[in-house]
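K.L.:
structure for this input, please:
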Amino acid sequence: MPTDAESVRRTLIRHEAGDSAPKRTDDPYARLYSLAYRRPAHELFGSLRPAVSIDGTFAVTAHQFVPVHVGPNVQQLVDELGAEECCVGWASAHRVELVLDGDRPVRGDLYVFAWGVAVLHAKTSHRPESIAELAVWRRETHRSTRERLARHLAAVLQHGEQPTRYVLTAFWLDEPAWSARDLHTAMRLMTSPRVLLGSGSADLHQARQIEKRLFSEGFAPDDHVPVGIDGVSLGWASWAGVSYHPLATTAALCETDLVTVELLAQGLWCLCDDLDQQVRSGKDPVLPEGHDWRWLRGRKVAITRGEANEPAQLRQLRSAIVDTSELEQKLTETIQLLREEAS
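P.N.:
Model prediction:
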């Protein structure tokens, strides 16, 4: 700390010119300035390189979404579970906490939409040493969680198992183990972790070898759509999933933003998919009472166009999820099916 007048003068000049600005979030001067001005470092200096974990592990939160079509049983499900009313973005729904029994119980919230779809949102925290560990965990839990949810809902509704055809996992990176180019590669791998499993049967050792090679060679699929903003966040969306890492926590999206968009997107995607299945099996497509092609057309506008006051980052995330899931096309085709049936 300078004490003489000349040293203080020079320090102030460097400070005012920005020459003393820290470059990393873990820079001691970043903490010093934050304490002095009582503001987060990113508000004072803009984009800083994220601090990298010391032990080589990384902290990530997995958000899994498991949609299931319950059709005309939607009100019975709400009543049996005692679900309470809630809002999910622009949609009304009912929510209830759910625990799926097993060796490792799955805890989450089940959201029941009036259009005949329930979506389980399960949130888990992880600190792995490699993305390969996440890929293996994802493969195992996708299968087991789907099966357990199907059995649970069958028991509640007291009839055959409800089909749960897929799980969508989004990874929210809290603390990275990489920087620069490797951080971008890591985010893309978390967006499409199945690439580490080869044909799908690779074990953890094999997945780690593939991960090591992709970090060396780079991994940047053309179908990945960015959902981050320079200096604020980093993320990608694809058909397989989503990854997101806030660089400036108070300026970036919140986890609830990601959860809300995915709940709506998966709820509508599941509805369209089930109506497709009805038609393919030779049945007429049927929606719950009070819902028709005009209603679905309104939901298409809501999920694809957003609101006039929607924040730019949220708009980018929503658009990326809609585009990579091909939801807009699916909605358009389903509306046409329902319109033809009504005519």
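
K.L.:
excluding chain neighbours, give the residue nearest to residue 293 in space.
P.N.:
residue 338 (3.6 Å; C-beta to C-beta, 6 or more residues apart in numbering). All C-beta spots, glycine's among them, are computed from the backbone N, C-alpha and C.

K.L.:
what residues are up against the closest residue to residue 285 other than its chain neighbours?
P.N.:
For residue 285, ignoring the flanking residues on the chain, the nearest one in space by C-beta to C-beta, 6+ apart is residue 275 at 4.4 Å. Contacts were defined as C-beta atoms under 8 Å, 6 or more residues apart in numbering; by that measure residue 275 touches 285, 287, 334, 337-338.

K.L.:
touching stretch 119-129 from outside, list them.
P.N.:
With C-beta under 8 Å, 6+ apart as the contact definition, stretch 119-129 has outside contacts at 56-68, 98, 106-111, 113, 133-134, 137, 145, 149, 259, 262-263, 266-267, 270.

K.L.:
so the residue nearest to residue 293 touches residue 299, yeah?
P.N.:
No: counting by C-beta atoms under 8 Å, residue 338 sits too far from residue 299 to count as a contact (11.9 Å).

K.L.:
more neighbours, those two?
P.N.:
residue 338 (22 against 19; other C-beta atoms under 10 Å).

K.L.:
extract the residue ranges of the protein that are flagged as low pLDDT.
P.N.:
In the predicted model of the chain, residues 1-35, 37-55 satisfy pLDDT under 70.

K.L.:
where do the helices of it begin and end?
P.N.:
Assigned by DSSP state H, the chain shows helices spanning 5-17, 28-37, 41-45, 74-81, 131-157, 180-191, 204-217, 255-280, 293-305, 312-324, 327-342.

K.L.:
for residue 235, which of those helices is the nearest?
P.N.:
The minimum distance between residue 235 and the helices of the chain falls on helix 180-191, with 6.4 Å, by C-beta to C-beta.

K.L.:
helices and strands around the closest one, which ones?
P.N.:
Contact analysis of helix 180-191 by 3 or more C-beta pairs under 8 Å, 6 or more residues apart in numbering; DSSP states H and E lists helix 131-157, strand 168-175, helix 204-217, strand 233-237, strand 241-246 as its packing neighbours.

K.L.:
now distance to residue 170 too, for the helices of the chain, in CSV please.
P.N.:
CSV is the format used below for the helices of the chain (distance: least, C-beta to C-beta, whole Å):
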stretch, distance to residue 170
helix 5-17, 41
helix 28-37, 29
helix 41-45, 23
helix 74-81, 24
helix 131-157, 11
helix 180-191, 9
helix 204-217, 19
helix 255-280, 6
helix 293-305, 17
helix 312-324, 9
helix 327-342, 15
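
K.L.:
circling back: who wins for most neighbours among the contacts of residue 275?
P.N.:
Neighbour count (other C-beta under 10 Å) singles out residue 334 as the most crowded of the contacts of residue 275, with 24 neighbours.

K.L.:
distance check, it against residue 261.
P.N.:
Between residue 334 and residue 261 the distance, using C-beta to C-beta, to the nearest Å, works out to 20 Å.

K.L.:
so for the chain, the centremost residue is which one?
P.N.:
Using C-alpha atoms, centre = their mean, the residue of the chain that lies closest to the mean C-alpha position is residue 170, 3.4 Å off.

K.L.:
skipping adjacent residues, who's closest to that residue in space?
P.N.:
Take residue 170 and drop its neighbours on the chain: the residue closest to it by C-beta to C-beta, 6+ apart is residue 242, 4.0 Å away.

K.L.:
what's around the one you found, how many residues?
P.N.:
By other C-beta under 10 Å, neighbour count at residue 242 equals 26.

K.L.:
for the residue nearest to the centre of the chain, which residues are in contact?
P.N.:
62-63, 65, 241-244, 258, 262.

K.L.:
pull out the buried residues from these.
P.N.:
By the neighbour-count criterion of 16 or more other C-beta atoms under 10 Å, the contacts of residue 170 include these buried positions: 62-63, 65, 241-244, 258, 262.

K.L.:
what would these look like in a markdown table with distance to residue 229?
P.N.:
Supplementary listing: those in a markdown table, determined by distance: C-beta to C-beta, whole Å:
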| residue | distance to residue 229 |
| --- | --- |
| 62 | 23 |
| 63 | 20 |
| 65 | 24 |
| 241 | 20 |
| 242 | 15 |
| 243 | 15 |
| 244 | 11 |
| 258 | 14 |
| 262 | 19 |
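
K.L.:
pick out whichever of these sits closest to residue 216.
P.N.:
Each of the buried ones among the contacts of residue 170 was scored against residue 216 by C-beta to C-beta, and residue 243 proved nearest at 20.0 Å.

K.L.:
residue 163: neighbour count?
P.N.:
Using other C-beta under 10 Å, residue 163 is surrounded by 13 other residues.

K.L.:
ugh, wrong one, residue 302
P.N.:
Using other C-beta under 10 Å, residue 302 has 15 neighbouring residues.
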